[in-house]
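Peer 1: Mind folding the following:
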Amino acid sequence: MSATPSLAARLRRSSNFLKGQPSAHLRFVARPSSAASAPISKSSPSAATRLRKLADGEVDATLLAYAGLRRLGKPEIPTELLDPSDFPPAPAQGAICIESRIGDARVNDLLEAINDHDTFDAVSCERAFLGALDGSCRTPIAGLATVQGDAIRFAGMILTPDGSRWHDVEIEGSRTEAAVLGARAGGTVRSKAGSDFFDSWN
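Peer 2: Model (predicted):
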């Protein structure tokens, strides 16, 4: 979201960029023709504060989750919705889950009635990718799985904390092997990056 339309086109070297999740900003600046050199303001605690800073001209742009804006009753505010093919989200971003004990068949049977199988398989793939990289919500990792019929396709990315280096990966296969594919993608991108790449995460 920016003070003027076309976020990617208008954020230049002089832009002041208000970040939220660190990995979200890094995925943006890693793309060509984006605000790779923009000054980054510290994260604000709430969407309302970030919107106020934008309106007051303290910053030129901010990234906010569209789902959150819709829940706040402000779906008309965004100036641009970023294409997930260019800007993949964090793994399992936006998915709602209920955690149950492993092997608790009774509880799992109860939860089956509200389980969305497409989301379950997509999240299983994305979390397996995250797990293979030993990542968390604070590490610069992106991943998006999409389910089409019996197939699943996954695209992932890892970045250095400064956004200067990144590696991506794509994989597809049967949705019955969603977690296997995610883990395989994680192994592939880890091999491409080399061990020194992950030193910057520490």
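Peer 1: For residue 175, which non-adjacent residue is closest in space?
Peer 2: residue 152 (4.2 Å; C-beta to C-beta, 6 or more residues apart in numbering). For glycine as for every other residue, the C-beta is placed from the backbone atoms N, C-alpha and C.
Peer 1: now the helix or strand that neighbour falls within, how far from the centre of its chain.
Peer 2: In the assignment (DSSP states H and E), residue 152 maps to strand 151-159. Between the centre of strand 151-159 and the centre of its chain there are 11 Å (C-alpha atoms, centre = their mean, to the nearest Å).
Peer 1: follow-up on the earlier one: pretty sure the residue nearest to residue 175 contacts residue 123?
Peer 2: No: Residue 152 is beyond contact range of residue 123, at 11.1 Å (criterion: C-beta atoms under 8 Å).
Peer 1: shared neighbours of these two, which are they?
Peer 2: Common contact partners of residue 152 and residue 123 (C-beta atoms under 8 Å, 6 or more residues apart in numbering): residue 145.
Peer 1: what's the domain layout of this structure?
Peer 2: 7-71, 105-201 (automatic domain parsing).
Peer 1: Quick one: closest of the ones you listed to residue 84.
Peer 2: Nearest of the domains of the chain to residue 84, taken as C-beta to C-beta: domain 105-201 at 5.5 Å.
Peer 1: Could you list the low-confidence segments of this structure?
Peer 2: Counting by pLDDT under 70, the ranges of the chain that qualify are 1-45, 202.
Peer 1: re the thing from before, what's the separation between the residue nearest to residue 175 and residue 129?
Peer 2: To residue 129, residue 152 is 12 Å away according to C-beta to C-beta, to the nearest Å.
Peer 1: out of these two, which sits in the busier spot?
Peer 2: Using other C-beta atoms under 10 Å, the more surrounded residue of residue 152 and residue 129 is residue 129, with 34 against 24.
Peer 1: and the more buried one, helix, strand or coil?
Peer 2: What DSSP: H, G, I helix; E, B strand; the rest coil gives for residue 129 is helix.
Peer 1: now the helices for the chain?
Peer 2: 7-10, 22-29, 47-55, 66-71, 105-112, 117-132, 178-193 (DSSP state H).
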